[in-house]
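Visitor: Here is my input; please provide its structure:
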Amino acid sequence: MLTVVDGHDGRLVESKSFRNAVLQGIPAQLGTYISGLAEGSIVIVTSKGRLVTKGAWTKALERLGVDKSLKLKDKLVLVGFKGPFRPDWVRAEVGEERVKIHQVLPIPVVQKTKL
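Guide: Presented below is the predicted three-dimensional model:
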């Protein structure tokens with residue numbers, strides 16, 4: 001399940017699910033979908049099935065701010081961001097049994113200025 005929230009005003013843009021068969025293979029559909037999202041989108045991803053751990057899957061998630069070293073497992077939850085910077089609240093959790101994130105997000109999403 002993938003939910004997209006507008007990072008400028010907090011409005012729900014869309015919720016979408018992908019078939020398990022798509023997600024267990026090369027996730028071209030997911031990559032294409034992420035590419036089409038507007039800059040400044042907050043993206044929440046949940047998965048309850050086995051994911052392929054290399055290649056296109058991790059590249060798709062990296063575009064949402066996930067660290068390259070993430071090792072995918074049976075369960076995944078992600079609060080990501082598609083934009084020109086990586087907010088410090090981007091988080092991903094993985095596990096064998098269950099995973100959970102409690103995350104408060106700042107709206108609008110703005111890049112922090114370094115002092």
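Visitor: mind listing the strands for the chain?
Guide: 2-6, 12-16, 41-47, 75-82, 91-95 (DSSP state E).
Visitor: could you dump those to a markdown table with mean neighbour count, mean pLDDT and distance to residue 58?
Guide: Where you see a C-beta, it was placed from the backbone N, CA and C, and this is true even at glycine. As requested, those are exported to a markdown table (neighbours: other Cβ atoms under 10 Å; pLDDT from 0 to 100; distance: least, Cβ to Cβ, whole Å):
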| stretch | mean neighbour count | mean pLDDT | distance to residue 58 |
| --- | --- | --- | --- |
| strand 2-6 | 19 | 93 | 16 |
| strand 12-16 | 12 | 93 | 20 |
| strand 41-47 | 21 | 90 | 13 |
| strand 75-82 | 21 | 89 | 11 |
| strand 91-95 | 16 | 85 | 11 |
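Visitor: Switch the ones you listed over to CSV; also include distance to residue 112.
Guide: Listed next are the strands of the chain as CSV, based on distance: least, Cβ to Cβ, whole Å:
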stretch, distance to residue 112
strand 2-6, 19
strand 12-16, 24
strand 41-47, 16
strand 75-82, 13
strand 91-95, 17
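Visitor: Figure out which of those strands is closest to residue 111.
Guide: For residue 111, the closest of the strands of the chain is strand 75-82, at 10.6 Å, according to Cβ to Cβ.
Visitor: Next, the buried residues of the longest helix seen in the chain.
Guide: Secondary structure of the chain read by DSSP state H shows that its longest helix is helix 28-36. By neighbour count on 16 or more other Cβ atoms under 10 Å, the buried set for helix 28-36 is 30, 31, 33, 34.
Visitor: pLDDT (mean, whole number) over it?
Guide: The pLDDT scores in helix 28-36 average 84.
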